[in-house]
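> just to be clear, the model below is a prediction. Sequence and coordinates:
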Protein chains: 2
Amino acid sequence: MTRHEVVRELELIAELRSRLAVADPRLARGLGDDAAVVRGRAYAVTSVDTMVDGVHFRRGRLSPREIGHRALAGALSDLAAMGVDGRAAPGSPGGIQAYLALGLPGGFGLDEGRALLDGAAELAGAHGVTIAGGDITAAPALLLSFTVVGWADDPGALVGRDGARPGDLVGVTGALGGSAAGLAVTEDRLVGLEPSLAEALRRRYATPTPRLAAGHALAEVGGVTAMLDVSDGLATDAAHLARASGVAIELDLDALPLGAGVADAAGLLGEDPAVLAARGGEDYELCFCAGPASRSAVEEAVAVADPTATVTWIGEVTGRAQPGLRFRGAGPGELSGFEHRF
Amino acid sequence: MTRHEVVRELELIAELRSRLAVADPRLARGLGDDAAVVRGRAYAVTSVDTMVDGVHFRRGRLSPREIGHRALAGALSDLAAMGVDGRAAPGSPGGIQAYLALGLPGGFGLDEGRALLDGAAELAGAHGVTIAGGDITAAPALLLSFTVVGWADDPGALVGRDGARPGDLVGVTGALGGSAAGLAVTEDRLVGLEPSLAEALRRRYATPTPRLAAGHALAEVGGVTAMLDVSDGLATDAAHLARASGVAIELDLDALPLGAGVADAAGLLGEDPAVLAARGGEDYELCFCAGPASRSAVEEAVAVADPTATVTWIGEVTGRAQPGLRFRGAGPGELSGFEHRF
């Protein structure tokens, strides 16, 4: 490490520390000691999500601020998928803490570092998340690994991936395909799209929203048996859920909720919109199973918790024989006949 | 990512999962769901430590097994420095959990990955630590970021860096300089040293032991006012402690406990052994302050907890005026006159 890089890291550590100045009464010790000390609840719910330049994003195509936001959003999305309650009353134990391992390549400036922390801190602030610690080091490429910790009094209040039952409906929050289309925008693969629509799709990719409020509402309402977040694409993630639960899932390709502009974008890309929605990753929506009796309670709970997360029902758990995921759907799309079997 | 790399990552994730097969009753959910769910105690004590190839180690000079061990040891050392109780009774809440974000470069084989996990798992097992989750991704260089979580019922049972008081004695566990000498061995800079001594020094560098038992004993015995682990070298770390506590510390260069072989190694390197011990990093010993009345109780508590961690008293907290670190010591060493002032 050059002296310049050492100075940059010390300054960024000071920046991180200054972001802790917002006193969090749950934080008995924070950055500056060997470890952070946090007042929690009975069960810690912990997830780690790492994003590396050249693998999960490209520096030139996202601003540092967006990179910081996106990395934290990806990690928080996993807590949303467990149904964690991120909104503990001020002063009460719990909430959500985030710890950042940040690797900085040579030439990554202090201003860029500040912007990256700002992006993460802004998202954290919007969701009541405290950035409670971390580590900054030199690295051959920009990398961010967020460890996020939420809390529960009872593990039964959380929703895993493995509880889906035959007869359950399969639902998804919000809309799909927008992030994949937004990625195409950042890669200049979407030529001819209306500029404001292109920018909206780009933002969908660059600054996703973790569905914390909707996830907690889904865990709380009762009847939701399994849940995960759509990070690798619905076709992949719903198959994970089917495997973890040991059930067969059938989804209607035509029922998938398409994000605004996704149909136009798919047209320009020469793809079937529903296939783009099924395959496209990083929408960070929630896919879940619920007993049919819970249908309207689930819809209502999510509508109250987050009006932007409207539930769409996209299929059913058909049984336990031949566990896996199948798509029903007309049309010559790539996913007709698409099948995950284990 | 190539298909080969994807397969390697899926296989390594399966390996990680198999290492969780040792049922930990504190773990309500582990790898395979969106997050790990752990039964904890009132306060979570969390630290993040990242090691990157080319920055914190070099792949060619350490085996994958050693790299896995060393990365986890570095993280656990921070919990040791807080005085965390890592040895909760089986089934009771608490213990220590580790979460690994692992970045694998192209060409890093599955066998190497397994060996790396083995090294971490073996150290974890020896200290009652559960590897409870993580993330594996492609990366431009091998990197390991461990987030470790310990627990306390009361934050007052932990020892920070900021409590040192004038009149306190300054102590250190074990011996110093061995890791710096071992690094010189791995870099072929120590020619002529007796081979078994060279190998012992190499191991001191490659597979350090986090002082968890000694750290907890020091927190429990009473009278210990401040503590940190010696990761950047005593000269740097004791200055951190002085700054955090707002006190002046004077250390006796001649009093520093030298690791076996350090004097010989220093001779071959043309360095003053005490200076090597003061400057050399990554010994992962504990440096702490304690009231003089606690002197023998501290010695006894550490001797009982870990006979290899024998305490040496190396100086005092002299006051609050001109906070900083000074070394007292005869000889023409680089550290006579070495001074950290803030």
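Arrived safely, thanks for sending. Numbers count the residues shown, from 1 in each chain, chains lettered A, B, ... in the order given.
> which residues touch residue A:95?
Residue A:95 makes contact with A:24, A:26, A:86, A:87, A:88, A:128, A:129, A:130, A:150, A:151 under the criterion C-beta atoms under 8 Å, 6 or more residues apart in numbering or on different chains. Where C-beta positions appear, they are placed from N, C-alpha and C, glycine not excepted.
> might one say that the second one is in contact with residue A:130?
Yep, that's residue A:26 we're talking about. Yes: applying C-beta atoms under 8 Å as the test, residue A:26 and residue A:130 come out as touching, 7.2 Å apart.
> tell me how far the most centrally placed residue in chain A lies from chain B.
Among the residues of chain A, residue A:77 comes closest to the average C-alpha position under C-alpha atoms, centre = their mean, at 3.1 Å. Here residue A:77 is placed at a distance of 8 Å from chain B (C-beta to the nearest C-beta, to the nearest Å).
> mind telling me what element that residue is part of?
Element membership of residue A:77, judged by DSSP states H and E, is helix A:64-82.
> run the chain-centre distance for that helix.
With C-alpha atoms, centre = their mean, to the nearest Å as the basis, helix A:64-82 stands 6 Å off its chain's centre.
> helices and strands around it, which ones?
In terms of contacts (3 or more C-beta pairs under 8 Å, 6 or more residues apart in numbering or on different chains; DSSP states H and E), helix A:64-82 is packed against strand A:43-52, strand A:96-104, helix A:110-126, strand A:143-152, helix A:195-206, helix A:212-221, strand A:224-229.
> go again with 6 Å.
If you count contacts as 3 or more C-beta pairs under 6 Å, 6 or more residues apart in numbering or on different chains; DSSP states H and E, helix A:64-82 packs onto strand A:43-52, helix A:110-126, strand A:143-152, helix A:212-221, strand A:224-229.
> angle of the next helix or strand after the last one against helix A:64-82?
Heading C-terminal from strand A:224-229, the first helix or strand you meet, by DSSP H and E, is helix A:234-245. Regarding helix A:234-245 and helix A:64-82, their directions subtend 30 degrees when assessed with axes from the mean of the first three to the mean of the last three C-alpha atoms, to 10 degrees.
> mind listing what's buried in helix A:234-245?
Residues of helix A:234-245 classed as buried by neighbour count (16 or more other C-beta atoms under 10 Å in any protein chain shown): A:234, A:235, A:237, A:238, A:239, A:240, A:241, A:242, A:243, A:244, A:245.
> close to chain B: what parts of chain A are there?
Contact residues (C-beta under 6 Å from any C-beta of the partner chain) of chain A with chain B: A:28-29, A:33-40, A:43-50, A:52, A:55, A:78, A:81-82, A:99, A:101, A:134-135, A:137-141, A:145, A:147, A:155, A:160-161, A:228.
> next, give me the two most distant ones among the contacts of residue A:95.
Pairwise distances across the contacts of residue A:95 peak at 14.5 Å for A:24 and A:150 (criterion: C-beta to C-beta).
> neighbour count winner among the two?
Neighbour count, other C-beta atoms under 10 Å in any protein chain shown: between residue A:24 and residue A:150, residue A:150 has more, with 32 against 19.
> wait, isn't residue A:178 in contact with residue A:204?
Yes: proximity of residue A:178 to residue A:204 meets the contact threshold set by C-beta atoms under 6 Å, at 3.8 Å.
> what residues sit buried inside stretch A:309-321?
A:309, A:311, A:312, A:313, A:314, A:315, A:316, A:317.
> could I have the CA atoms of the helix holding residue A:77 written out in CSV?
Taking C-alpha atoms only, helix A:64-82 is exported to CSV below (Å, rounded to 0.1, in the frame of the first residue of the first chain):
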residue,chain,number,x,y,z
PRO,A,64,-20.1,5.2,-6.3
ARG,A,65,-23.3,6.3,-4.5
GLU,A,66,-25.3,3.7,-6.4
ILE,A,67,-22.7,1.0,-5.7
GLY,A,68,-23.0,1.7,-2.0
HIS,A,69,-26.8,1.7,-2.1
ARG,A,70,-27.0,-1.4,-4.2
ALA,A,71,-24.7,-3.5,-2.1
LEU,A,72,-26.5,-2.7,1.1
ALA,A,73,-29.9,-3.3,-0.6
GLY,A,74,-28.9,-6.7,-1.7
ALA,A,75,-27.9,-7.7,1.8
LEU,A,76,-31.1,-6.2,3.4
SER,A,77,-33.2,-8.0,0.9
ASP,A,78,-32.2,-11.3,2.5
LEU,A,79,-33.5,-10.1,5.9
ALA,A,80,-36.7,-8.9,4.2
ALA,A,81,-37.1,-12.5,2.9
MET,A,82,-37.0,-13.8,6.4
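> what are the contacting residues of that helix?
A:45, A:47, A:49, A:51, A:112, A:115-116, A:118-120, A:123, A:144, A:146, A:148, A:150, A:158, A:206-208, A:210-212, A:215, A:227-229, A:284, A:286, B:34-35 (C-beta atoms under 6 Å, 6 or more residues apart in numbering or on different chains).
> from residue A:247, how far off is residue A:115?
45 Å (C-beta to C-beta, to the nearest Å).
> how about residue A:233?
Distance from residue A:233 to residue A:247, counting by C-beta to C-beta: 19 Å.
> and those two? Which one has more around it.
Neighbours were tallied for residue A:233 and for residue A:247 using other C-beta under 10 Å; the higher tally belongs to residue A:247 (28 against 21).
> beta partners for residue A:252?
Here residue A:252 sits in beta bridges with residue A:328, going by DSSP bridges.
> burial of it, as a residue count?
By other C-beta under 10 Å, the residues close to residue A:252 number 16.
> go ahead and confirm it touches residue A:328.
Yes: if you go by C-beta under 6 Å, residue A:252 and residue A:328 touch, sitting 5.2 Å apart.
> assign residue A:208 to helix, strand or coil.
At residue A:208 the chain is in coil, as set by DSSP: H, G, I helix; E, B strand; the rest coil.
> residues in contact with it?
Taking C-beta under 6 Å, 6+ apart, we find residue A:208 in contact with A:73, A:284.
> what's the spacing between it and chain B?
From residue A:208 across to chain B, the span is 16 Å (C-beta to the nearest C-beta).
> what does residue A:222 give?
19 Å.
> which pLDDT value belongs to that residue?
In this model, residue A:222 is scored at 91, pLDDT.
> again, but for residue A:195
Value for residue A:195, per-residue pLDDT: 95.
> then the one 3 residues further on?
The pLDDT attached to residue A:198 in the predicted structure is 96.
> need the three-state assignment for residue A:249.
Using three-state DSSP, the structure places residue A:249 in strand.
> fine by me, we can end here.
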